[in-house]
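Undergrad: could you work out the structure for the sequence below:
(one chain, ligands or ions: 2)
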Amino acid sequence: MTARVPVVEKITKANDQIAGLNQDLLDRHGVFGINLLASPGAGKTSLIEQTLARLMGRLRLGVIEGDLATSLDAERAAKAGALAVQINTGGSCHLDAPMVCGALAELRLDEIDALIVENVGNLICPASFALGTHCNVLVASTPEGDDKPYKYPSMYGKVDTLVINKIDLLPHVSFDLARFRKGVEALNPGVPTFPLSCRTGEGVDAWVAWLVSMAREKRPPR
Ligand SMILES: Nc1nc2c(ncn2[C@@H]2O[C@H](COP(=O)(O)OP(=O)(O)OP(=O)(O)O)[C@@H](O)[C@H]2O)c(=O)[nH]1
Ligand SMILES: [Mg+2]
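TA: Ligands and ions are numbered 1, 2, ... in the order given. Down below sits the predicted model:
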């Protein structure tokens with residue numbers, strides 16, 4: 001048991017080094033990077049689609065899609081207007097920095113201002129692997145239940161921004177927004193939060209305005 005700890009440390013240390021190189025690359029090209037995290041089906045790709053539909057030339061968006069299999073999400077992102085690259089992890093339940101490094105080599109970074117990396121749907125492992133992006137955004141969704149911050153504290157405690165998707169379903173699911181927010185607040189006080197619906201479009205403009213301002217504010221000069 002004790003022998004396993006240094007191995008895990010070595011893996012995350014090696015990952016962190018490559019994540020640092022990824023971030024240097026993004027910085028050199030003036031690209032603001034987001035690591036988009038969520039459980040399966042929370043609406044990550046839907047949010048990317050809705051975002052692209054509203055950017056209207058304000059920001060050029062690149063997308064890296066992470067899935068165990070298929071290129072379905074990259075096809076959706078490309079159809080919505082993004083430069084998109086798909087990573088298939090095979091069996092791995094999270095993206096890591098070397099995978100993202102390979103995908104970055106396939107993107108024309110001079111042609112984008114911001115990059116969304118859609119991580120594998122999972123609330124556990126992705127929290128431990130830096131990718132080199134500048135900001136971790138978690139998409140929660142109402143059908144998952146309001147207990148998720150309490151059950152997945154490492155993820156909820158670490159993220160920089162929170163989206164609460166599928167608010168159109170609030171009348172139909174057992175999701176107490178106050179209980180959810182209380183759990184989030186205990187772990188991550190003041191985290192910027194965007195309740196929205198990718199189905200009706202409610203709240204999406206506020207999220208897009210935040211993304212545009214963050215990209216402009218945090219983006220290093222070209
Ligand atoms: N009612 C409702 N359904 C939504 C909303 N957003 C997404 N969906 C639906 O939720 C399902 C999953 O959406 P995706 O965008 O594929 O979710 P994802 O997180 O990218 O899924 P994975 O990549 O497989 O983890 C689809 O059937 C969407 O149409 C929403 O705001 N309201
Ligand atoms: Mg998806």
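Undergrad: can we go C-alpha only for contacts and neighbour counts from here?
TA: Fine.
Undergrad: and the spatially most central residue of the chain, what does it touch?
TA: Compute the mean C-alpha point of the chain, and by CA atoms, centre = their mean the closest residue is residue 36, 0.5 Å away. Taking CA atoms under 8 Å, 6 or more residues apart in numbering, we find residue 36 in contact with 44, 116, 117, 118, 119, 136, 137, 138, 139.
Undergrad: where does the prediction get shaky in the protein?
TA: For the chain, applying pLDDT under 70 flags the ranges 1-6, 218-222.
Undergrad: who touches the helix ranked longest in it?
TA: For the chain, the longest helix by residue count, based on DSSP state H, is helix 4-28. Under the criterion CA under 8 Å, 6+ apart, residues 32-33, 96-98, 100-101, 104, 109, 128-134, 219-220, 222 lie in contact with helix 4-28.
Undergrad: can you do 7 Å?
TA: Helix 4-28 is contacted by residues 32, 96, 97, 98, 101, 129, 130, 131, 132, 133, 220, 222 when judged by CA atoms under 7 Å, 6 or more residues apart in numbering.
Undergrad: following element in sequence after it, please.
TA: strand 32-38 (DSSP states H and E).
Undergrad: run the chain-centre distance for that following strand.
TA: How far strand 32-38 lies from its chain's middle: 3 Å, per CA atoms, centre = their mean, to the nearest Å.
Undergrad: burial of residue 118, as a residue count?
TA: By the criterion of other CA atoms under 10 Å, residue 118 has 25 neighbours.
Undergrad: what sits against it?
TA: 35, 36, 37, 44, 64, 65, 66.
Undergrad: now do residue 23 against ligand 1, distance only.
TA: Using CA to the nearest ligand atom, to the nearest Å, residue 23 is found at 24 Å from ligand 1.
Undergrad: so where do the helices sit in the chain?
TA: 4-28, 44-55, 72-79, 97-104, 148-151, 153-158, 177-187, 204-218.
Undergrad: need those in TSV (columns: mean neighbour count and distance to residue 193).
TA: Listed next are these as TSV, based on neighbours: other CA atoms under 10 Å; distance: least, CA to CA, whole Å:
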stretch	mean neighbour count	distance to residue 193
helix 4-28	15	25
helix 44-55	20	14
helix 72-79	18	23
helix 97-104	19	26
helix 148-151	17	13
helix 153-158	19	12
helix 177-187	16	9
helix 204-218	16	9
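Undergrad: what's the closest of the ones you listed to residue 198?
TA: Among these, the nearest to residue 198 by CA to CA is helix 44-55 (6.1 Å).
Undergrad: quick one: that closest one to chain centroid distance?
TA: The answer for helix 44-55 is 12 Å, by CA atoms, centre = their mean.
Undergrad: do stretch 13-26 as well
TA: Using CA atoms, centre = their mean, the offset of stretch 13-26 from its chain centre is 17 Å.
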